[in-house]
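Colleague: model this:
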Amino acid sequence: MSSIMITKYRVVLALTGLTILALVLPGDVFAHNVSKRDAAFVVANQGRAVAAFLYLGAKHMVTGYDHLLFLVGVIFFLYRLKDVLLYVSLFTIGHSATLLLGVLGGMHANPYLVDAIIGFSVVYKAFDNMDGFKRVFGFQPDTRAAVLVFGLFHGFGLATKLQEFALSPSGLVANIVSFNVGVEIGQGLALTAVFIALSYWRTRPGFLRHAFATNTLLMVGGFMLVGYQLTGYAVQP
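Modeller: Have a look, this model is predicted:
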């Protein structure tokens, strides 16, 4: 099998795997949920724990499939590093603002609805990558504004989860800021790997031929995330 075909199948299998995980894995694996062990630490912690919260933030981003699916869509057609940095910075600004405001400022919303919007962000970006807005609606939304706005929802989604815990006020600001920094570190590590893989794939002749199918898979993954969260909203006590 040629290296082109191997690369294509690896990308397709990876995205398919993320889609299946979004559908079948238990809720504590994605969509901002926190493992029982991590939750126990967060609740029991008293005072500053900068290193621990840095680690938890990075872990959240690396294992947050909703974040990763959206960011894969964001950088899918970005060829220049400065463009990647621009869009990731917009996402980071939005994500950081609502994470900090939600936890420290007391902003509240239904977590299922927020996470459903996060799932929709994946659908939106995949549809955008497929040139759907121009083809179907005859116009192109401002992609930079969309990334910033959806970044706000991604950060707020995590904030709603942290709000479920009785966080100690001692060292809270330092811990939440550390957690946010950890999120951005994890995001940088994950995106570096994705960007390297995409950069290699783009050098292969089959990239553009299979880009539409790949973004279709991203869209399917986004719809599954939306359906999962709306089901949770409908059956919640």
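
Colleague: need the longest helix for this protein.
Modeller: Longest helix of the chain, by residue count under DSSP state H: helix 172-202.

Colleague: May I see the buried residues of the helix or strand just after that helix?
Modeller: Next along the chain after helix 172-202, taking DSSP states H and E as the criterion, comes helix 207-235. Residues of helix 207-235 classed as buried by neighbour count (16 or more other C-beta atoms under 10 Å): 207, 210-211, 214-215, 217-226, 228-229, 232. The way it works is simple: take the backbone N, C-alpha and C, and place the C-beta from them, glycine included.

Colleague: mean confidence for helix 207-235?
Modeller: Average pLDDT, helix 207-235: 91.

Colleague: Check stretch 120-127 too.
Modeller: 96.

Colleague: how about the helices in the protein?
Modeller: For the chain, the helices defined by DSSP H cover 3-24, 36-44, 50-63, 65-75, 81-105, 111-129, 132, 143-162, 172-202, 207-235.

Colleague: Burial-wise, tell me which of those helices comes out on top.
Modeller: Compared across those, helix 65-75 shows the largest average neighbour count, a mean of 25 (mean count of other C-beta atoms under 10 Å).

Colleague: which helices and strands does it pack with?
Modeller: Contact partners of helix 65-75 among helices and strands, from 3 or more C-beta pairs under 8 Å, 6 or more residues apart in numbering; DSSP states H and E: helix 3-24, helix 81-105, helix 111-129, helix 143-162, helix 172-202, helix 207-235.

Colleague: Of those helices, which is nearest V50?
Modeller: The minimum distance between V50 and those falls on helix 172-202, with 4.5 Å, by C-beta to C-beta.

Colleague: could you dump stretch 120-132 to CSV, C-alpha only?
Modeller: Extracted C-alpha coordinates of stretch 120-132, given in CSV (Å, rounded to 0.1, in the frame of the first residue of the first chain):
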residue,chain,number,x,y,z
PHE,A,120,-22.5,22.3,17.3
SER,A,121,-19.2,24.3,17.0
VAL,A,122,-17.6,21.1,15.5
VAL,A,123,-20.5,20.8,13.0
TYR,A,124,-20.2,24.5,12.1
LYS,A,125,-16.5,24.4,11.4
ALA,A,126,-16.7,21.2,9.4
PHE,A,127,-19.5,22.7,7.3
ASP,A,128,-17.4,25.8,6.9
ASN,A,129,-14.4,23.8,5.7
MET,A,130,-16.7,22.1,3.1
ASP,A,131,-17.5,25.5,1.7
GLY,A,132,-21.1,24.9,2.8
